[in-house]
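J.: Build me a model from this:
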Amino acid sequence: QVQLVESGGGLVQPGGSLRLSCAASGFTFSSYPMSWYRQAPGKERELVASITSPSGNTNYADAVKGRFTISRDNAKKTLYLQMNSLKPEDTSVYYCYAYGGLFRSGYWGQGTQVTVSS
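T.: Predicted coordinates:
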């Protein structure tokens with residue numbers, strides 16, 4: 001059974017940091033490009049960051065460049081998102097996503113809430 005389980009969300013003050021984790025099971029994690037998406041109330045889900053495997057090439061949305069860092073540990077089957085200098089506009093539910101491409105299914109996690117507020 002495929003599972004992507006996010007953790008690490010919570011309430012943080014502006015300027016603070018959080019580290020999200022996404023634990024994968026039930027599929028070959030190391031062969032999937034992985035991404036973090038987020039969705040705020042009333043808005044569309046948007047791509048935050050992505051990372052390939054095994055090269056580890058990364059890509060970021062302009063809104064988070066220089067503040068967020070995506071990484072992965074294939075041995076632990078875990079995806080991470082280090083979020084620094086958080087802003088109120090970063091408040092969203094954050095989802096991890098395994099990109100299957102043309103010939104495989106993609107997989108979503110259930111999401112973890114991040115709230116940035118004083």
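J.: contacting residues for the closest residue to Gly26 other than its chain neighbours?
T.: Nearest residue to Gly26 in three dimensions, chain neighbours excluded: Val2, at 3.9 Å (Cβ to Cβ, 6 or more residues apart in numbering). Any C-beta I mention is one placed from the backbone N, CA and C, and that applies to glycine too. Val2 makes contact with 25-27, 107 under the criterion Cβ atoms under 8 Å, 6 or more residues apart in numbering.
J.: For Val2, give me the pLDDT.
T.: Looking at Val2, its pLDDT is 94.
J.: Is the most centrally placed residue in the chain bridged to anything, and to what?
T.: The residue lying closest to the centre of the chain (Cα atoms, centre = their mean) is Trp36, at 2.7 Å. Beta-bridge pairing of Trp36 under DSSP bridges involves Ala49, Cys96.
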